[in-house]
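Engineer: Quick one, what's the 3D model for this:
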Amino acid sequence: MLLSVFRKVFRQVRYIQIAALVTFLVMSVAILLPNTKILLQVVQSPALGFGQKVEFLIGMYGLLGTNFSLFSAVTTVATAVLFGINIALLIFYVRRRQSVNKNKTGNSASVAGVVAGVFGVGCAACGSVLIASFLALFGAGGLLLILPLHGAEFGILSVCLLLFSVHEVTKRINDPLICPT
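Structural biologist: The predicted model follows:
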């Protein structure tokens, strides 16, 4: 079932492009967000030319191999890829149905996967970037240290929820458009 739905959806180039674009954007946020200060310094520097700024920006993507642990890199890449696939499947599903679905399981699973994916983005140095920032607002950033994997649980949770979400959306896509009699 899963492969037949993937073939149906991703034989259309626009859905491959959507998945690739979303994957790239999620990876960019995961890699560049912790380095916004240095990025702003480089972009605003009058001493560097446009080509050097672009070269620096492209070089930042190499941080995935150096600043992330193997576990963090794998969960970040898996989250980004699953996020892209999930969004492409969701767009295909919504365009195909064009009506509100009475059963919200697939839709709420997608939302849960997307939210967990956003909170699960992070690296070994800073933990889960967004959840740590959010918790720090309330003085609870140290609570991540009591977790066995120090916040990496959110990455595992996001991958699991996104896998479940992809499964649910593929089930919904595979459903017939008419109700059984």
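Engineer: and Q52, what element?
Structural biologist: Element membership for Q52, per DSSP states H and E: helix 50-59.
Engineer: And that helix, what does it pack against?
Structural biologist: helix 36-44 (3 or more Cβ pairs under 8 Å, 6 or more residues apart in numbering; DSSP states H and E). Glycine gets a C-beta too; all of them are placed from N, C-alpha and C.
Engineer: any residues touching the helix it packs on, and which ones?
Structural biologist: L32, L48, K53, F56, L57, M60 (Cβ atoms under 8 Å, 6 or more residues apart in numbering).
Engineer: Closest to L163 out of those residues?
Structural biologist: L32 (25.6 Å; Cβ to Cβ).
Engineer: The host helix or strand of that closest one vs helix 50-59, what angle?
Structural biologist: If you go by DSSP H and E, L32 is part of helix 13-32. Angle between the axes of helix 13-32 and helix 50-59 is 90 degrees (criterion: axes from the mean of the first three to the mean of the last three Cα atoms, to 10 degrees).
Engineer: L3 - how many residues pack around it?
Structural biologist: Neighbourhood size, L3 [other Cβ atoms under 10 Å]: 8.
Engineer: Give me the pLDDT value at it.
Structural biologist: If you check L3, the pLDDT there is 85.
Engineer: Also I58?
Structural biologist: pLDDT, I58: 87.
Engineer: And T23, by the same measure?
Structural biologist: Per-residue pLDDT puts T23 at 93.
Engineer: Then T36?
Structural biologist: So, for T36, pLDDT stands at 84.
Engineer: sorry, back to before: buried ones in the helix holding L32, by neighbour count?
Structural biologist: Of all the residues in helix 13-32, those buried under the rule 16 or more other Cβ atoms under 10 Å are Y15, I18, A19, V22, T23, V26, M27, A30, I31.
Engineer: got TSV for these, with distance to R172 too?
Structural biologist: Output for the buried residues of helix 13-32, formatted as TSV (distance: Cβ to Cβ, whole Å):
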residue	distance to R172
Y15	15
I18	17
A19	17
V22	19
T23	22
V26	22
M27	27
A30	28
I31	32
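Engineer: just those residues now: which is nearest V81?
Structural biologist: V81 lies nearest to T23 out of the buried residues of helix 13-32, by Cβ to Cβ, at 5.4 Å.
Engineer: The closest residue to that closest one other than its chain neighbours: neighbouring residues, count only.
Structural biologist: Leaving out its chain neighbours, the residue that sits closest to T23 by Cβ to Cβ, 6 or more residues apart in numbering is G84, at 3.4 Å. G84 is flanked by 23 other residues according to other Cβ under 10 Å.
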